[in-house]
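>>> my questions concern the predicted model and sequence given below.
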Amino acid sequence: MTGITGLGRKNTFVLTIRDTDEVAAALREALAEASPEERPGLERAAAVVESTAAATDVRLRARWVRSRLAAAGFTGDVGSVAAVKALRQAEPTLSLIAAVQLQREAVAHPE
């Protein structure tokens, strides 16, 4: 995932941007040309990319929320009002409605 857009104060939607297709293609190409020593690592990397690509947009947004909260130093309950406040401080352009929606997704999809 390269980023999440649509977080403006006037927007309540979030568009998830992914680049896993390009990464998977690059790994397949590297795997086709790999030496026997490189193959196990590239095969593992390809498996990780495939599992990440299978994640739903909701799960990706939930992961993003948790990563933003962690980056802001928030260690409390993700379902709390304090988490919404911390998320909005970490992302100042995030509307209250969008922050609550993202928080609910993070609570519903714990990792």
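Yep, it's here.
>>> make it CA atoms for all contacts and neighbour counts henceforth
Will do.
>>> so how far is L87 from A99?
Distance check for A99 against L87: by CA to CA, to the nearest Å, it reads 7 Å.
>>> swap that for A108, please
16 Å.
>>> more crowded one of those two?
Legend: neighbour count by other CA atoms under 10 Å for A108 and L87, higher for L87 (27 against 13).
>>> okay but that one is in contact with S67, surely?
No. Under the criterion of CA atoms under 8 Å, L87 makes no contact with S67, lying 9.9 Å away.
>>> now do the strands in the chain.
Using DSSP state E, the strands found in the chain span residues 3-5, 15-17.
>>> I'd like the mean pLDDT over the first one, please.
When pLDDT is averaged along strand 3-5, the result is 56.
>>> state the distance from A70 to R104.
Counting by CA to CA, the gap from A70 to R104 is 17 Å.
>>> then A47?
Counting by CA to CA - A47 and R104 are separated by 29 Å.
>>> so for A86, what's the pLDDT?
pLDDT, A86: 97.
>>> the one 4 residues further on now?
If you check A90, the pLDDT there is 93.
>>> neighbours of it, how many?
Counted with other CA under 10 Å, A90 comes out at 18.
>>> next up, the contacts around it.
Contact partners of A90, counting by CA atoms under 8 Å, 6 or more residues apart in numbering, are 68-69, 72.
>>> ok, and for stretch 87-105, which residues are buried?
For stretch 87-105, the neighbour count (16 or more other CA atoms under 10 Å) marks 87-88, 90-91, 93-95, 98-105 as buried.
>>> contact partners for the nearest residue to L87 once chain neighbours are set aside?
For L87, ignoring the flanking residues on the chain, the nearest one in space by CA to CA, 6 or more residues apart in numbering is L69 at 5.9 Å. Taking CA under 8 Å, 6+ apart, we find L69 in contact with 75, 83, 86-87, 90.
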